[in-house]
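Asks: This is the structure alone, sequence omitted:
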Ligand SMILES: CC(C)(COP(=O)(O)OP(=O)(O)OC[C@H]1O[C@@H](n2cnc3c(N)ncnc32)[C@H](O)[C@@H]1OP(=O)(O)O)[C@@H](O)C(=O)NCCC(=O)NCCS
């Protein structure tokens, strides 16, 4: 990668339409596999809603946004039993530009999510993804997440597997304090 990678909090001046297009491009292979993730087709308004209902991050290379992920606090009204638990933060709307996938940006975004969640008092970091997206489930398992349960969302056409990782004090401090 020619320019260094920066990961920072999303700012209201960041291009939401551009992030929406990045999401559509990144998630296109999942759509082609028949998995109708919201991010395969959501509008810019939905992108903004999802960004502003949590702690959104962007990854930049040479000033251009090449990745994003948003961290969400526990939600007592969530259909997902785990996401209702105090101390359990989750993340979503997670993508890296197809041209740069496989170069470690996703792993760095997850490390930032872990550190940020730890700073906010989380004891666990969780996520969900289509159970049929086997390559993703296996990747999250390589990052230390473990399968916990299943959940069905109204907006998708598949069952999701929920994965979670315990954030021990050691892991949080080892993640450092990213400039967010
Ligand atoms: C999932 C995603 C965000 C990960 O970002 P990334 O920058 O590609 O992640 P990394 O480069 O850190 O890691 C990718 C992993 O997939 C592996 N991989 C194998 N084939 C690959 C390929 N053709 N392209 C990309 N990664 C590949 C890499 O080796 C790496 O595994 P490792 O960390 O064990 O070495 C990104 O691939 C993406 O946007 N995918 C489409 C949208 C999506 O699936 N979002 C998550 C929904 S839950």
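Replies: Received the coordinates, thanks. All values derive from a computational prediction rather than experimental measurement.

Asks: Against residue 134, how distant is residue 50?
Replies: 25 Å (CB to CB, to the nearest Å). Bear in mind the C-beta positions are built from the backbone N, C-alpha and C, glycine included.

Asks: More neighbours: those two, which one.
Replies: Neighbour count, other CB atoms under 10 Å: between residue 50 and residue 134, residue 50 has more, with 20 against 11.

Asks: Phi, psi for the residue in the chain that the ligand sits nearest to please.
Replies: The minimum distance from the chain to the ligand, using CB to the nearest ligand atom, falls at residue 106 (2.1 Å). Dihedral angles phi and psi of residue 106 (degrees, to the nearest 10) take the values phi -60, psi -40.

Asks: Now do the same contact list for the closest residue to it other than its chain neighbours.
Replies: Leaving aside its chain neighbours, residue 106 sits nearest to residue 96 (5.1 Å; criterion: CB to CB, 6 or more residues apart in numbering). Residues near residue 96 by CB atoms under 8 Å, 6 or more residues apart in numbering: 26, 59, 66-67, 105-106, 109.

Asks: and which of these is nearest to residue 118?
Replies: Closest to residue 118 out of the contacts of residue 96 is residue 109 (15.0 Å), distances taken as CB to CB.

Asks: is it true that that closest one touches residue 66?
Replies: No - Residue 109 is beyond contact range of residue 66, at 10.3 Å (criterion: CB atoms under 8 Å).

Asks: who touches both of the two?
Replies: Joint contacts of residue 109 and residue 66 (CB under 8 Å, 6+ apart) are 59, 96.

Asks: if we look at the helix ranked longest in the chain, which residues are touching it?
Replies: Taking DSSP state H as the criterion, the chain has its longest helix at helix 16-32. With CB under 8 Å, 6+ apart as the test, helix 16-32 has contacts from 10, 37, 39-44, 47-48, 51, 58, 65-68, 93, 95-98, 101, 130, 133.

Asks: Quick check: the residue nearest to residue 131 when sequence neighbours are not counted vs residue 106, distance?
Replies: Spatially, and ignoring its direct neighbours in sequence, residue 131 is nearest to residue 161 (4.4 Å; CB to CB, 6+ apart). Distance of residue 161 to residue 106, computed by CB to CB: 18 Å.

Asks: any weak-confidence spans in the protein?
Replies: Flagging of the chain using pLDDT under 70 yields the residue ranges 1-2, 169-180.

Asks: how does it look with 90?
Replies: 1-3, 168-180 (pLDDT under 90).

Asks: Close to the ligand: what parts of it are there?
Replies: 26-27, 30, 94-96, 101-107, 129, 136, 139, 142 (CB under 6 Å from any ligand atom).

Asks: Buried ones from those residues, can you make that a PyMOL selection?
Replies: Here is the PyMOL command that selects the buried residues among those (16 or more other CB atoms under 10 Å):
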select buried, resi 26+27+30+94+95+96+105+106+129+136
